Structures are given as structure tokens and as C-alpha cells.
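Visitor: I need the structure of the sequence given here:
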Amino acid sequence: MKIGLFGQFGSGNSGNDGSLEAMLNLLRERCPEAELLCICSNPDLVRKKYGILSVSLNGTISGGPRADRLNRMLGNMPHRLARISSLFKQLKGLDLIIIPGTGILDDYQETPWGWPFVIFRWCMAARLRNVPVAFVSIGAGPISHPLSRFFLKTAAQTAKYRSYRDDFSRRYLQDIGMNVEQDFRFPDIAFRLPTPKLSRIASGPRRTVGVGVMHYRGWAKSSLNGKEIYQTYIGKLAEFVIWLAGEGYDIRLLTGDLRDQIAVHDLMKQIKDMEAQSALEHVAVGLGETLHDLMREIDKTDVVIVSRYHNVVCSLKLGRPIISLGYAQKNDNLLAEFSQSQYCQHIETFDLDMLRLQLEQILANFDDIRKQIADGNDRVQKSLAEQDDLLTERLLAPRNARRKLASPIGGDSRALG
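Guide: Numbering: from 1, shown residues only. Here you go, the predicted structure:
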């Protein structure tokens, strides 16, 4: 059996790569004989990191200067056709394509002809090649541009299996006209990752607060006020870090994407510009190239305040009380599953007084919150085990036992419990 794994892997986002790794672990456990092919953003990096055959999701184009000139003269049409031809060649011999996790069905920082069209192109080609596609524990919505909605909805409709990581994603696709009655709901597959070996040192006199820093400039890639959104966010975060240091906390900065290093630099500069140099003595910058790195950094904290979705996942997985400064509904939905919905704000509008109050409330109810999160983790693991069995039965069984893939999988939708 030959299985393709499709997504923005190797792009510098630790959550995306963690989702790929979680699916690789599942496939190696349940279908060890399978031949794997990763169709991704950075095949060289993925090949080196995970030891699997990888190809570019943009296809391959051969030619020299003369061919490039001809392509420009013809409005890039030769390259478009070459990419489509390459795409069909890469699909040859595949028995299944799995899209593992990630918020693949939204248009955050995308134009219609970017990622939405890439997904549409691959899913339509897979359908023409009669290669079934499975969307596993994915996130969907919001999709702001009408053309992006068309591309992503059409791509999702080609799938033979769909499961969503939250109710919002399922409802969102239903609201834009997709039939989701036969679809499932299971937790984000990054919860399936093993917890790395941790070496938590008992807290000293100063508690440590993990603060996620994100290179956030609004939802739309072409946002006219993106710079203003970013500067306001960094300014408020700097003010909060200074307050934390003054109140006797240590601060550990957390990231989830390579671009977040820019925001870390800007935050540190903002703190210096606010003439709060002494606060920096209590600030450490954590590593976050992988979700394993991120979990090791979170292990050094008592409470976390983060924005990126998989920073939330890793924090909850380690049982850390958390405040979300989210940029989409997905963070709020996830915290609600762990009975923590009162600790959510939006990244563009968060109030510093409310943030201080939320932190105080968490510390006052620390043990109860840890118990609630532990109970949530138990539900998540049980639900993921159900999906493991379902995927094995429906997708990974021998070919003569997979005739159910001729149409979308039926059955009741699943919840976290």
C-alpha cells in the first residue's frame, strides 16, 4: 500500500510538522508495511527530518532560460500545464492521500490563488486519478474570500473520509452548504504525540509564566491595518511582560513558527524602548522548532498565555493552566472542551486588566484547574484511540476490505465525550 501525506510541512510551523509526525507514528504502528510519500512545502527538509520520500506540492518544472522566456510570453500557461502534468505523475501508484490535522480549510494570511487553490488542484487531480482522500482531524474556517471558499469547499467534498477537530469546523462547512452528516469529530491529532522526557524542577520563589509571541498582522494577507494591529499587539504584550516581572514572575517566551522570532525581537526592543531594561533580566526565550521542543519549554512554566493553536494543544497536553489570546474560534473551542472557556480573549482586542484578573483567578484555583485539564486529556486520548481504530478499519485495511471507500464514510459524528 502506498500512502501520500499532504500538507504545509517543512514550512517552519511546528504545529504543521507535529501533525505530520503524529500521523507518521500512527501509520508505522497500524500499517508498517505501507510505502509513504510526503507531498509538502519543503520536501528536502521533511525527507531529512522524518526519513520519508518527499516531493513538492507545487510539482516539478524542467527547462532553461529559453523555456522560461517562452513561458513569460505565454502568460505562465506552459508552467501551469507542466505543474498539472507533474502532479498527475506524482499521484500515480498512490492508494490513498491523507491530510493529517492542521487548519487546512481556512484562508488565514492567504489569497485564493495561494494555498486554497493548491488544495483544490490536488484534490481534484486525486479524484480524476481515483485516489481516495482523507481529511483527518482537520480545522475549517473561517474562509473570508468567496473564491477561497469555493476552492476549499470543493476540495473537501471530494474526500472519502472527513473528521474535524472541533464542532465549529463541522458547523462552518455545513453553513457554507456542505453535507457533513456522514462526517466525524475527533480531537486534534497532535494530542497523539508522545510527551517528551521532562525534567520539571520544583518552582522556586518566583513562578514562571509562559508568554506566547506571534508574528500576527491580522487575518487577511492584504490587511491595510496589519502594521497597526501588530504594533498594538506587541505594545500591549510588552506592557504585560513588564508588569509580570514587576510582580515577581519570571517570563519564558514561547513561539510556534519561524516568523515568530521576528516578533520576539520586536517585543524585546519594545521593552527596552519603554525603559524597562530590568524586566528583561527575568525574560528567557524558549526554543520552539518542534512541538517536542515547545513541550520542554512549557514544562519550565507554571501558567501559559499563548495565541497559536498548537501552543494551546501542547500546554493542555502537559496539564498547564492556560489563557488564550486567540486569533480564531479554534482556541476558544479547544479550551471549552477542557472546561476553560472563561480564560479566552482575542489577540486584537485583549484587555490587560482582564488578563491580570484571569491570571489571578487561575492561580487562586490552580489545583482545580489542573484536575479539569487532566480529565479533558483522558477524554481526548480515548477519543483519539477510537479514531485510530476507525482509520485502521476503513482506510488502512487490505485493499479488498476497503470497498467502503467507494462513498463517504457513514456513521454518527463523534465527540470528545
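
Visitor: what residues sit buried inside the longest helix seen in the chain?
Guide: Across the chain, the helix with the greatest residue count (assigned by DSSP state H) is helix 366-391. For helix 366-391, the neighbour count (16 or more other CB atoms under 10 Å) marks 369, 372-373, 376-377, 380, 383-384, 387-388, 390-391 as buried. For every residue, glycine as well, the C-beta is placed using N, CA and C.

Visitor: of those residues, closest to E33?
Guide: Nearest to E33 among the buried residues of helix 366-391 is L391, at 15.7 Å by CB to CB.

Visitor: the closest one contacts V136, doesn't it?
Guide: Yes - contact status for L391 versus V136: in contact at 6.9 Å, counting by CB atoms under 8 Å.

Visitor: what's in contact with whatever helix or strand L267 lives in?
Guide: Assigned by DSSP states H and E, L267 belongs to helix 260-273. Applying CB atoms under 8 Å, 6 or more residues apart in numbering, the contact partners of helix 260-273 are 213-216, 230, 234-235, 237-238, 241-242, 253, 255, 277, 279-280, 283, 285, 288, 308.

Visitor: which among those residues end up buried?
Guide: Buried, going by 16+ other CB under 10 Å: 213-216, 230, 234, 237-238, 241-242, 253, 255, 279, 283, 285, 288, 308, out of these.

Visitor: now the buried residues of helix 366-391 in JSON lines, with distance to Y343 and pLDDT?
Guide: JSON lines is the format used below for these (distance: CB to CB, whole Å; pLDDT from 0 to 100):
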{"residue": "I369", "distance to Y343": "9", "pLDDT": "98"}
{"residue": "Q372", "distance to Y343": "11", "pLDDT": "98"}
{"residue": "I373", "distance to Y343": "11", "pLDDT": "98"}
{"residue": "G376", "distance to Y343": "13", "pLDDT": "98"}
{"residue": "N377", "distance to Y343": "17", "pLDDT": "98"}
{"residue": "V380", "distance to Y343": "18", "pLDDT": "98"}
{"residue": "S383", "distance to Y343": "22", "pLDDT": "98"}
{"residue": "L384", "distance to Y343": "24", "pLDDT": "98"}
{"residue": "Q387", "distance to Y343": "27", "pLDDT": "98"}
{"residue": "D388", "distance to Y343": "30", "pLDDT": "97"}
{"residue": "L390", "distance to Y343": "32", "pLDDT": "97"}
{"residue": "L391", "distance to Y343": "32", "pLDDT": "97"}
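
Visitor: how about the strands of this structure, start to end?
Guide: Ranges of strands within the chain are 2-6, 35-40, 53-56, 96-100, 133-138, 161-164, 184-185, 208-212, 250-254, 283-285, 303-306, 322-326, 344-346, based on DSSP state E.

Visitor: just to revisit the earlier point, next one: the helix holding L267 to chain centre, how far?
Guide: Relative to the centre of its chain, helix 260-273 is centred 24 Å away, using CA atoms, centre = their mean, to the nearest Å.

Visitor: then it to PDB, C-alphas only?
Guide: The C-alpha coordinates for helix 260-273 follow below in PDB (Å, rounded to 0.1, in the frame of the first residue of the first chain):
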ATOM      1  CA  ASP A 260       7.600  34.400  15.400                       C
ATOM      2  CA  GLN A 261      11.300  35.100  16.000                       C
ATOM      3  CA  ILE A 262      10.700  38.500  14.400                       C
ATOM      4  CA  ALA A 263       8.000  39.200  16.900                       C
ATOM      5  CA  VAL A 264      10.300  38.100  19.800                       C
ATOM      6  CA  HIS A 265      12.900  40.600  18.700                       C
ATOM      7  CA  ASP A 266      10.400  43.400  18.300                       C
ATOM      8  CA  LEU A 267       9.000  42.600  21.800                       C
ATOM      9  CA  MET A 268      12.400  42.700  23.400                       C
ATOM     10  CA  LYS A 269      13.100  46.000  21.700                       C
ATOM     11  CA  GLN A 270       9.800  47.400  22.800                       C
ATOM     12  CA  ILE A 271      10.500  46.600  26.400                       C
ATOM     13  CA  LYS A 272      13.900  48.300  26.100                       C
ATOM     14  CA  ASP A 273      12.200  51.300  24.500                       C
END
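
Visitor: could you list the domains of this structure?
Guide: Domain ranges of the chain: 2-64+71-193+380-405, 208-364, per automatic domain parsing.
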